[in-house]
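K.L.:
structure for the following, please:
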Amino acid sequence: QVHLVESGGGLVQPGGSLRLSCATPGHTLSGYYAMGWFRQAPGKEREFVSYIKWAAGISVYADSVKGRFTVSKDNASNTVYLQMNRLEPEDTGRYYCALGFAWKVEKGEFDYWGQGTQVTVSS
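P.N.:
Presented below is the predicted three-dimensional model:
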């Protein structure tokens, strides 16, 4: 069992920035893995935001966040980040970190999930 812990959410004005973090305490990520971010707005289904493959560093984004969000990783601390810039009210939701095998995430298959962190974009 892998434990994922998200942090960094909060309230921000439109146009502002936030950086989310996801740590994996007690677990060392290998090149087999990819880590991703999803979000869920009230009354809506969970949607994919981004993922990064741990070994290759290849990242993929949803069209809605391309050019505004950047996913990155720190191998030493086994932490993945989501830098969110030019935030819009439509970005409001609970953001979840997820972990899966690199060859499965391309099909949207993730095996472990965090509890999420709330992001609210409002003036």
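
K.L.:
can I get stretch 99-115 as CSV, trimmed to CA atoms?
P.N.:
Below are the C-alpha coordinates for stretch 99-115, written out as CSV (Å, rounded to 0.1, in the frame of the first residue of the first chain):
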residue,chain,number,x,y,z
LEU,A,99,0.1,6.9,-8.6
GLY,A,100,0.2,4.2,-11.2
PHE,A,101,2.5,2.1,-13.3
ALA,A,102,3.9,4.1,-16.3
TRP,A,103,2.5,1.7,-18.9
LYS,A,104,-1.0,1.9,-17.4
VAL,A,105,-1.5,5.6,-16.9
GLU,A,106,-1.8,6.2,-20.6
LYS,A,107,-5.1,4.4,-20.3
GLY,A,108,-6.1,6.4,-17.3
GLU,A,109,-5.4,3.6,-14.9
PHE,A,110,-4.0,4.7,-11.5
ASP,A,111,-3.7,2.4,-8.5
TYR,A,112,-3.3,4.7,-5.5
TRP,A,113,-5.0,7.9,-4.6
GLY,A,114,-4.5,10.7,-2.1
GLN,A,115,-7.2,12.4,0.0
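
K.L.:
got the buried residues for it?
P.N.:
Across stretch 99-115, burial judged by 16 or more other C-beta atoms under 10 Å covers 99-100, 102, 105, 110, 112-114. In short, each C-beta sits where N, CA and C put it, glycine included.

K.L.:
with stretch 69-82 instead?
P.N.:
Buried residues in stretch 69-82, counted by 16+ other C-beta under 10 Å: 69-71, 73, 78-82.

K.L.:
which strand residues bridge E6?
P.N.:
Beta-bridge partners recorded for E6 (DSSP bridges): C22.

K.L.:
re the thing from before, export the buried residues of stretch 69-82 to a markdown table and tack on distance to C22 and secondary structure?
P.N.:
Listed next are the buried residues of stretch 69-82 as a markdown table, based on distance: C-beta to C-beta, whole Å; DSSP: H, G, I helix; E, B strand; the rest coil:
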| residue | distance to C22 | secondary structure |
| --- | --- | --- |
| F69 | 14 | strand |
| T70 | 14 | strand |
| V71 | 10 | strand |
| K73 | 10 | strand |
| N78 | 9 | coil |
| T79 | 7 | strand |
| V80 | 5 | strand |
| Y81 | 8 | strand |
| L82 | 8 | strand |
